[in-house]
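In: Everything below, folded, please.
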Amino acid sequence: MPKDSNKELLPILIIPGFMSSGLEIKESSTNPNWVNKRLWLNLGSLGLSAMYFGSAQRRSNKSSPVSRLDTGGMESEEEQQQANYKSGWLHHMMLNSTDLRSDPPGIKVRAIDGLEGVDYLTPGTFTNMVSYVFGPAIIALEKGGYNSTTTNLMASPYDWRLSPDELEKRDKYFTRTMGFVEKLYKDNQKPIILIGHSMGCKNAHYFLNFVERKRGRKWIDQHIHTYMPIGAPHLGAPKALRSTISGDKMSLDTFLNDEEALVLGRSFGSGPWLLPTDLPDGVPASCYIRPHGVLEVSFPNAVNTNPLVEKRETLNRPNRYQMQVIARGFHDDAEEKHMVRTPFHRIDADLGRDVVVFRDRMSFATHPKPLTGANLQFLLHEPGLAAAKKEKEKFNPLKCILCCLCFCFWPCVLVVRILKCLTCGIVRGATLAADAIVSTTGSGSTLAFSESIKVPKAVWKGQEVTIKVPMYHVDDYGAVERTLCCTYDVRPRTIDVFVKLKWHPFVNTKSFRRKCSSICQPSTNAPHLPVKRKGQDYHEFPGYDLMEREGLGYMLDFVKQAYDGDKLLPRSLSSVDPPPVNRVHAIYGINLPTEIGAIYKRQDTCLTENRLESLYTPDRRSHIDTKTGYSISAGVLMETPKTKQSVAKNRQVSGDGTVPYWSLQHCKTWDSRDRMVSVAELEKAEHRDILADNRFHAEVLRYSSQHAQMGTTYQYAEA
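Out: A predicted model of the protein is given here:
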């Protein structure tokens, strides 16, 4: 496309979307050498290139949450340094979890100004094509007549982690954006096109209401020709709910593990901005939950491991332990087993030399109705390999002679011993299998284990029950039977562990007393989709209830404070209602499979201090008949090009791969005598890829040129 510098064009101001503004470090008390370097997303400049670009992908897949990053088991100084860098990066990226607004103490992170902050997240010859934001669009606009070095093309980046009220309070963002608009208008003597992409559309909509309150509608009519939302989530995007519940790795799959993604995402105050409020009529629910019960398992007393390790030398005794619980028979498939383990806990020297306290609370998802065959098995792990800890006994020939005489004169003893040996072998075999699984994760080896313990009936009746569980040293269990001799008796090393059990049945009722405005609230005439798993139905819930069940009360409080308490109402007035502008020209992609919800199940968890784990996760085994026009992929409910949209007179169409069609097209409802709305729908244009799509570039240039040539009256022409 040859550059046309003589073409008359309307000036453009760009507001990027979520994760689309570069962030840089202005102050850092923990990493002073990072100051003035790009935090989002040039990881290479911070020394993290090895971990991010693949040479350390194997290492980054290991569990290493930011709050408990353990570098003691690293293979080299380089790996330890990478782990420390990663922990530092997460610390700088996160907002304070107590308010979801401020940087951690001693750290200051701000958005990179100008077009440089919105072109490429990781600038570079080899990284531009994978990290572009508005870079390709800026190049195309410059070839079409715009000049980014003068005054008819500007951008207003922002810290996309913040809620809109905090953007103004901390950075004076919307006041500064008013200044950019006034400069563009003054330098070009033309009103501007305000382009927003994705969450940037929410930002732009809020900005228009902000300006109307500050300067009045006359200022908008003079300075802003058209509001141009690109891939706009006017009504929100249900994907934001799933990201809040189960985490979003933000395309950093080889860099972030599940817990780190969850911790990072839940620290952002901007997350609720993308959550839908009330879903339109005829739109399915965004949240389906598989009915379940929950069995809580905890350890009320300290565990004295001395009887298990008293024969060891002091240096060979474990200084930390891990408890693992195996559950069987909790669902229709009696053979299905579930395993949950605590982190390793250090011994409590104040309580004793070999005493450990497990303050964790495990929870197992169960069938919604009690199952009488459910049982639990407990395993105590120590760090290191089992072979290095095994204690051997000296060979005694006299005992072997006595064994032979015993079998000759009492053959019945041999039969009894063999039967007992087989029984012990089954239990021990299950234990060794679990031990092998644990060893592959680098966690440790089994020191002691219990037999399978049947869950008492009183537990299923809702009573809290504490049971005493005998645990046997892994080398001693069945020691008598293994010798097959009545004369060779060994007293096994055992300990007793007290376990508290409490079962909670599934509650199907919805919340009525709510802390904040609606979140993914289905309409009264929402269609019921036949979501199944082995014939079991799922229950529809509002997103608010899912967040409440997930334990996100603090975030619901934040929604009430930062969003419902904002006079410009970011989730309704500045999102759903028409913006105070004369013209809207929306551009978005269509007919890609797009998430409209998720099918959730309760997962087995271990809740531990300084460790975050989601309670609910998409149910990968759920399915739906594709004849409905919808599909399910890995527990995510998708609209498809065959989905009938009630908001579009049952037209078969879907969204752009991220934002559902019913949210993209909502701007059509703003069309009125006072506001002219036009839409350009681009077939198969993906939500992010649209910024590099030649059709999008051509549409912006066409619209700008056409309306600039109309003169000062700027009469509306349908696109």
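In: residues in contact with the residue minimising distance to the centre of the chain?
Out: For the chain, the residue sitting closest to the mean C-alpha position, by CA atoms, centre = their mean, is residue 247 at 0.1 Å. For residue 247, the contact set (CB atoms under 8 Å, 6 or more residues apart in numbering) comprises 258-259, 261-262, 265, 614. (Each C-beta comes from the backbone N, C-alpha and C, glycine too.)
In: cool, residue 575 as well?
Out: So, once contact is read as CB under 8 Å, 6+ apart, residue 575 ends up touching 202, 205-206, 234-236, 569.
In: Keep only those of those that are in strands.
Out: Taking DSSP state E, every one of the contacts of residue 575 sits outside strands.
In: Among the residues you listed, which one sits closest to residue 351?
Out: Nearest to residue 351 among the contacts of residue 575: residue 236, at 50.7 Å, using CB to CB.
In: Give me the distance between residue 191 and residue 285.
Out: Distance of residue 191 to residue 285, given as CB to CB, to the nearest Å: 42 Å.
In: low-scoring pLDDT stretches of the stretch 101-250 of the chain, where are they?
Out: Judged against pLDDT under 70, the stretch 101-250 of the chain has no low-scoring part.
In: So for the closest residue to residue 651 other than its chain neighbours, what's the pLDDT?
Out: Spatial nearest neighbour of residue 651, chain neighbours left out: residue 645 (5.4 Å); criterion: CB to CB, 6 or more residues apart in numbering. Note on residue 645: pLDDT of 98.
In: Count the residues that sit near residue 645.
Out: 21 (other CB atoms under 10 Å).
In: Quick check: it touching residue 662?
Out: Yes. Taking contacts as CB atoms under 8 Å, residue 645 lies within contact range of residue 662: 6.2 Å.
In: how near is residue 132 to residue 619?
Out: From residue 132 to residue 619 the distance is 35 Å (CB to CB).
In: Residue 545: what's it in contact with?
Out: 287, 510-511.
In: Select only the buried ones of these in ChimeraX?
Out: Buried subset of the contacts of residue 545, written as a ChimeraX selection, criterion 16 or more other CB atoms under 10 Å:
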select :287
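In: Could you pick out the longest strand of the chain?
Out: Under DSSP E, the chain gives strand 494-504 as its longest strand.
In: Sheet partners, orientation included, of that one?
Out: strand 293-298 (antiparallel), strand 465-473 (antiparallel) (DSSP bridges).
In: tell me which residues in the first one are buried?
Out: Burial within strand 293-298, assessed by neighbour count using 16+ other CB under 10 Å, is assigned to 293-298.
In: gap between it and the chain center?
Out: 23 Å (CA atoms, centre = their mean, to the nearest Å).
In: can you count the residues close to residue 115?
Out: There are 17 residues near residue 115, going by other CB under 10 Å.
In: Next: residue 93.
Out: The burial count for residue 93: 23, using other CB under 10 Å.
In: can I assume residue 11 is in contact with residue 183?
Out: No. Counting by CB under 8 Å, residue 11 does not reach residue 183; the two are 9.3 Å apart.
In: Name the residue in these two with the higher neighbour count.
Out: Using other CB under 10 Å as the criterion, residue 11 and residue 183 rank with residue 11 on top: 24 against 15.
In: quick one, what contacts the more buried one?
Out: When contacts are counted by CB under 8 Å, 6+ apart, residue 11 touches 151-154, 184-185, 187-188, 190, 192-193.
In: one step back: just put the strands paired with strand 494-504 in a markdown table and tack on distance to residue 703 and mean pLDDT.
Out: Listed next are the strands paired with strand 494-504 as a markdown table, based on distance: least, CB to CB, whole Å; pLDDT from 0 to 100:
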| stretch | distance to residue 703 | mean pLDDT |
| --- | --- | --- |
| strand 293-298 | 55 | 97 |
| strand 465-473 | 70 | 97 |
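In: Dump those to a markdown table, plus distance to residue 25.
Out: Listed next are the strands paired with strand 494-504 as a markdown table, based on distance: least, CB to CB, whole Å:
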| stretch | distance to residue 25 |
| --- | --- |
| strand 293-298 | 42 |
| strand 465-473 | 50 |
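In: Residue 555 touches residue 546, doesn't it?
Out: No. Judged on CB under 8 Å, residue 555 makes no contact with residue 546 at a distance of 11.7 Å.
In: for the protein, what are the low-confidence residue spans?
Out: Using pLDDT under 70, the chain drops low at 1-6, 45-76, 333-335, 385-443, 478-490, 711-719.
In: Could you pull out the strands in the stretch 401-550 of the chain for me?
Out: 445-449, 453-454, 465-473, 494-504, 532-533, 536-537, 539-540 (DSSP state E, counting those that start in this stretch).
In: out of the ones you listed, nearest to residue 278?
Out: Between the strands of the stretch 401-550 of the chain, strand 539-540 lies closest to residue 278; by CB to CB that is 14.5 Å.
In: So what are the sheet partners of the closest one and their directions?
Out: Note on strand 539-540: by DSSP bridges, its sheet partners are strand 287-289 (antiparallel).
In: Next, the closest residue in space to residue 108 that isn't next to it in sequence: secondary structure please.
Out: Counting by CB to CB, 6+ apart, residue 108 lies nearest to residue 27, which is 3.7 Å off, once chain neighbours are set aside. Following DSSP: H, G, I helix; E, B strand; the rest coil, we place residue 27 in the strand state.
In: so residue 27 touches residue 34, yeah?
Out: No. Taking contacts as CB under 8 Å, residue 27 lies outside contact range of residue 34: 9.7 Å.
In: Pick out whichever of the two has more residues nearby.
Out: residue 34 (21 against 14).
In: residue contacts, that one?
Out: The contact partners of residue 34, taken as CB under 8 Å, 6+ apart, are 25, 28, 46, 88, 92.
In: phi, psi of it?
Out: phi -90, psi -10 (degrees, to the nearest 10).
In: Report how many residues lie close to residue 146.
Out: 23.
In: Residue 506 now?
Out: Neighbour tally, residue 506, other CB under 10 Å: 17.
In: Next one: it from residue 536, what distance?
Out: Counting by CB to CB, the gap from residue 506 to residue 536 is 12 Å.
In: between these two, what contacts are shared?
Out: Common contact partners of residue 506 and residue 536 (CB under 8 Å, 6+ apart): residue 291.
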